[in-house]
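Visitor: Just need the structure, nothing else, for what follows:
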Amino acid sequence: LVCKPWHSWEKTGSEQERRERMTHVVLYYMVWWITMPVLWAIYPTFRPLPVASMCILLMASNNHWRDVRYGEWRHIADAVAVASTFMVYFWYLCGDNDLEECPRLLVPIWPLCVFTLSAFAMAWWRHLHGSVEEGFVYHLLFRHTGTWIMVYTQASKASISPVAWCGIVWVYSLLYWLTA
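Guide: Take a look at the predicted model:
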C-alpha cells in the first residue's frame, strides 16, 4: 500500500503510456516530501488530528499513484484526503486563535492558495491536452506550494527568525526539485 518496488512498474505500452507511467512513478515516490508539515504539528505542541490526517493523505495518495485510474475510487479517495487534510490544517490555524485574528493570519497565504489552485488546474489542463510532462511539472508545483501552505498553518506561531525561515524554504525547495 505504501511502498512499491521499482521493478513492479510495467515497461510495456506505447511511448505516450510509458512517459505517463514514468510521471506516476515520480509522483508516487515524491509524495513523502509533503510530510514536512507533520514536524510542525508535533513540535512545539502535539496536534494529533493534523498528524493523523497527513498519514491518511500519504496512504491515499500512494494508493492512487501506484495504480492510476482516473475517476475510480483510488483517485477519489486521494482527492478527498487532500481536501480533508487542508481543512484540518486550516481549522487548526483558525481554531487556535480568536475569530478576529483568523483573517489576518490567512492574508499572507491567499496568494499562495491562488497559485496552488492555479497549478492544479494547469496540471489537469496540460495533462488532458496530451502534454504529460508539463502536467507533471504543474502537479509537482501544486504539491510543493500546497506543502508550504500546510507548513504555514502549523508553524505560523513558531519563534523562528526570518533568516532561519529563508534557510528552511531554500533547503527544502532545493532538495524537493533536485529529487524530482
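
Visitor: For the host helix or strand of residue 53, enumerate the helices and strands it packs against.
Guide: Using DSSP states H and E, residue 53 sits within helix 48-66. On a contact count with 3 or more Cβ pairs under 8 Å, 6 or more residues apart in numbering; DSSP states H and E, helix 48-66 meets helix 15-30, helix 36-42, helix 73-95. Every C-beta, even on glycine, is put in place using the N, C-alpha and C of the backbone.

Visitor: In terms of secondary structure, what does the last one contact?
Guide: Packed against helix 73-95, as judged by 3+ Cβ pairs under 8 Å, 6+ apart, are the following elements: helix 48-66, helix 101-106, helix 132-155.

Visitor: nearest residue to residue 145 other than its sequence neighbours?
Guide: residue 116 (4.3 Å; Cβ to Cβ, 6 or more residues apart in numbering).

Visitor: How much space separates the spatially most central residue of the chain from residue 47?
Guide: Geometric centre of the chain, nearest residue: residue 143, 3.5 Å, by Cα atoms, centre = their mean. From residue 143 across to residue 47, the span is 22 Å (Cβ to Cβ, to the nearest Å).

Visitor: where does the chain have low pLDDT?
Guide: 1-12, 96-97, 157 (pLDDT under 70).

Visitor: if we can go back for a sec, can you give me the angle the helix holding residue 53 makes with helix 132-155?
Guide: Interaxial angle, helix 48-66 versus helix 132-155 (axes from the mean of the first three to the mean of the last three Cα atoms, to 10 degrees): 170 degrees.

Visitor: List the buried residues of helix 48-66.
Guide: Neighbour counts over helix 48-66 (16 or more other Cβ atoms under 10 Å) mark 50-51, 53-54, 56-66 as buried.

Visitor: which residues does the closest residue to residue 28 other than its chain neighbours contact?
Guide: Using Cβ to Cβ, 6+ apart and skipping the chain neighbours, the partner closest in space to residue 28 is residue 65 (3.9 Å). The neighbours of residue 65, taking Cβ atoms under 8 Å, 6 or more residues apart in numbering as the test, are 24, 27-28, 31, 78.

Visitor: Let's have these in a markdown table, adding neighbour count and distance to residue 95.
Guide: As requested, the contacts of residue 65 are arranged in a markdown table below (neighbours: other Cβ atoms under 10 Å; distance: Cβ to Cβ, whole Å):
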| residue | neighbour count | distance to residue 95 |
| --- | --- | --- |
| 24 | 17 | 36 |
| 27 | 19 | 31 |
| 28 | 20 | 33 |
| 31 | 20 | 26 |
| 78 | 20 | 25 |
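
Visitor: any idea which of these is closest to residue 176?
Guide: Residue 176 lies nearest to residue 31 out of the contacts of residue 65, by Cβ to Cβ, at 11.7 Å.
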